[in-house]
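A.B. asks: Based on what follows, work out the 3D shape:
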Amino acid sequence: MQVLIIEDERPASQKLQRMLNELDESIDIAGPLESVEDAINWFLANQAPDLVFMDIQLDDGICFEIFENISIETPVIFTTAYDNYALKAFKVNSVDYLLKPIDRQELEKAIDKFKMIHAGNIDFSKIEKILKRISPERKERLLIKTGMHYRSIQITDINCFFTREKSVFINKGGTNDYAVDFSLDKAEKMTDPKRFFRVNRNYIINFTAIRDIIAYSSSRLKIIIDGCHGDNDIIVSRERVADFKKWMDR
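C.D. replies: Model prediction:
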C-alpha cells in the first residue's frame, strides 16, 4: 500500500511516518509534501497513491485548494488540530478525520476503516449524510441577554455552564451569572470537547478556567474555578474521574 503524507509540520509528519511503519512495515510512504502547490504538482506528475494523509492548514494555504485545482479520487484521512472542517472534509472523499496529537489507536482504527471502505467500494456521499446527522454543530459565539441589552461572547471565554433550579447558566468569571435558554446537554454538544468537559450532570467546565484540583471523598475530585460556583461544589462524579484525568493529560 502506498501512502502519501501532506503535512507542513516536520515533527508531526515524522511522528505519523513512525506510527505507520510500526502498524505495517509494508506501507510505502511518499512525501511529506508541505504546501498546496507541492501537492498539486506531485499529483500531476505521479500515479495516485492508495491513501493520503492530509493536514488541513498547509504552508501556503488550506488543503481544500488542492481539490479545487485537480481531481483527486484517492481516499483521504485528514490530520489536523481543528475540528471545524469535518463536514467540508467529508465532501472530498475523506474516510476519517483525526485530531492532533494523533492517537495510535485512533490511527489504527482509521487504517482499518480505509481498508473496509476500499474493499467495499462505499459511496462517500453517504458518509457525509450520516456525518451531518450525528456531528454536532460547534459554536464560536453565544448571544446572551442582560436586562434590556444583548451581548455576544466567545464560547472560549466561558468558564463553565451549570444548572440551578432547573435553569442553565454560564459564568465568565466574577460574580455575574447569565441565564441561557438551552439545556446542558445542548451546551455539551456546542462546545469543543478538547476545551470543555462535563464533570457531572450539573457542570461543564473550561480547561483554561481550572485553578485547582483537589482529591475528594470516594475517589472523586473537587474542581476550583474562579467565579464559577453555582449552588454547590464542583465535583467530578466517580464514573467520570478516569475520563477527566485522560482529558487533563492529553
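A.B. asks: Every contact and neighbour count from this point should use C-alpha atoms.
C.D. replies: Noted.
A.B. asks: now the residue of the chain most remote from its centre: how far from Phe169?
C.D. replies: The outermost residue of the chain relative to its centre, with distances by Cα atoms, centre = their mean, is Met148 at 36.1 Å. In this view, Met148 and Phe169 are 18 Å apart by Cα to Cα, to the nearest Å.
A.B. asks: quick one: least confident helix or strand in the protein?
C.D. replies: Sorting the helices and strands of the chain by mean pLDDT, DSSP states H and E puts helix 124-134 at the bottom, at a mean of 51.
A.B. asks: Which strands border whatever helix or strand comes next after that helix, and is each parallel or antiparallel?
C.D. replies: Per DSSP states H and E, the first helix or strand lying C-terminal to helix 124-134 is strand 141-146. Here strand 141-146 has these sheet partners by DSSP bridges: strand 149-154 (antiparallel).
A.B. asks: Output the strand it pairs with as CSV, restricted to C-alpha atoms.
C.D. replies: Output of strand 149-154 as CSV, limited to C-alpha atoms (Å, rounded to 0.1, in the frame of the first residue of the first chain):
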residue,chain,number,x,y,z
HIS,A,149,-29.4,44.6,26.4
TYR,A,150,-27.8,41.9,24.4
ARG,A,151,-24.2,41.0,24.2
SER,A,152,-22.2,38.4,22.2
ILE,A,153,-19.5,36.5,24.0
GLN,A,154,-16.9,34.0,22.8
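A.B. asks: Isn't Val141 up against Ile153?
C.D. replies: I think there's a mix-up here, since residue 141 is Arg and not Val. Yes. If you go by Cα atoms under 8 Å, Arg141 and Ile153 touch, sitting 5.5 Å apart.
A.B. asks: now the protein, which segments are flagged as low pLDDT?
C.D. replies: Where the chain drops to pLDDT under 70, the residues are 82-93, 118-137, 174, 227-232, 250.
A.B. asks: Where does Thr74 fall, secondary structure wise?
C.D. replies: Residue-wise, Thr74 maps onto no helix or strand under DSSP H and E.
A.B. asks: which residues sit in contact with it?
C.D. replies: The contact partners of Thr74, by Cα atoms under 8 Å, 6 or more residues apart in numbering, come to Ala48, Pro49, Asp50, Leu51, Val52, Asn93.
A.B. asks: For burial, what's the neighbour tally of the fourth one?
C.D. replies: If I follow you right, that is Leu51. 23 (other Cα atoms under 10 Å).
A.B. asks: Mind listing the residues bridging to it?
C.D. replies: As for beta bridges, Leu51 partners with Val3 under DSSP bridges.
A.B. asks: how about it, what does it touch?
C.D. replies: With contacts defined as Cα under 8 Å, 6+ apart, Leu51 is in contact with Met1, Gln2, Val3, Leu4, Thr74, Pro75, Val76, Ile77.
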